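Participant: below are the sequence and a predicted model; questions follow.
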Amino acid sequence: MISKFEGIIITETPYGDNSKIINVLTKEKGLIGIMCHNAKSLKNPIRSKTMKFTYAYFHVKYSEKKLSTLLDVDLINNLSNIKEDIELISYMSYITDLTYQVIKQNNDKEIYNIFINTVLKLNEKQNPLILTNILELKYLDFLGVGLNLDSCIKCGNKTKIVTLDPDEGGFICQDCYTNEKIISPKAIKLIRMYYLIDISSISDIKITKEIANEINYFLDKYYDRYTGLYLKSKEFLRKINSLA
């Protein structure tokens, strides 16, 4: 069956001398594997269109249970701003690797929408740390480790919240507080906003560097504590951020 899918290449693997297999996260079918015959040949015009991060319409001979076969590719957006900026490439690599791990655990179609909207905003040069944190926060539900943002994780109290603790996994109220790291009220409010915001509607979010780093610190700790995901691209991103 000949099919056309909107999607983005998230991995590519050499196959034989001149071919490759690409994993494409698609809007219609989630993650699909596609065989690209002779795609590594220098004379093949499809070569440049089967590289990682290609966002396009993929025309394929579709097979649900086996590898599909690539017929043609129509680019939607070449994501040139990302590809020309080492910092943005680093963020793109991380969110792509993270998305691949998430989609392997939960093939929900909403994951595509979250990911592609984040990529497009990244290409518009919106704040990459904020965009990444929004995506990370939204992915927690798909990983089965969503945050409790309604009440104290220990007693259920919805008032007198003093912090948000990554080890406990939610809010801590004044009565239950011991010696947890204090997350500022501004950061707590923004974490709620991150969770609810429609990424496609973002035009410009202005947050101080201190608050942005505070939110990022919390999410880093939470991911380390609850997801079991350890990605090399994340470690590289941490090094870049430490130098900024």
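Facilitator: It's in.

Participant: tell me who's in contact with the residue most central in space within the chain.
Facilitator: The centroid of the chain falls nearest to Ile95 when counting by Cα atoms, centre = their mean (3.5 Å). Shown in contact with Ile95 (Cβ atoms under 8 Å, 6 or more residues apart in numbering): Phe115, Thr118, Val119, Leu122, Thr132, Leu135. Quick note: C-beta positions are derived from backbone N, CA and C, even for glycine.

Participant: for the chain, just list every one of the helices.
Facilitator: Counting by DSSP state H, the chain has helices at residues 80-83, 86-105, 110-123, 128-142, 185-196, 209-226, 232-243.

Participant: show me what counts as buried in the longest one.
Facilitator: This points to helix 86-105. 88, 90-100, 102-103 (16 or more other Cβ atoms under 10 Å).

Participant: swap in the shortest one?
Facilitator: Residues of helix 80-83 classed as buried by neighbour count (16+ other Cβ under 10 Å): Ile82.

Participant: what's the average pLDDT for that helix?
Facilitator: Average pLDDT, helix 80-83: 96.

Participant: grab the longest strand from this structure for me.
Facilitator: Among the segments of the chain that qualify as a strand by DSSP state E, the longest is strand 2-15.

Participant: which strands or helices does that one pack on?
Facilitator: strand 19-26, strand 30-36, strand 55-61, strand 68-77, helix 86-105, helix 110-123 (3 or more Cβ pairs under 8 Å, 6 or more residues apart in numbering; DSSP states H and E).

Participant: pLDDT value on Tyr223, please?
Facilitator: Confidence score, pLDDT, at Tyr223: 95.

Participant: right, and it touches Glu136 too?
Facilitator: Yes: using Cβ atoms under 8 Å, Tyr223 makes contact with Glu136 at a distance of 6.7 Å.

Participant: and the two? Which one has more around it.
Facilitator: The residue with more neighbours, out of Tyr223 and Glu136, is Glu136; 24 against 21, by other Cβ atoms under 10 Å.

Participant: quick one: residues contacting Ala56.
Facilitator: Glu6, Gly7, Ile8, Lys49, Val73, Asp74, Leu75, Ile76.

Participant: buried sites along the helix or strand bottoming out on mean pLDDT in the chain?
Facilitator: Across the helices and strands of the chain, mean confidence by mean pLDDT, DSSP states H and E is lowest for helix 232-243: a mean of 81. Within helix 232-243, the residues scored as buried using 16+ other Cβ under 10 Å are Ser233, Lys234, Leu237, Asn241.

Participant: I appreciate the help and will end here.
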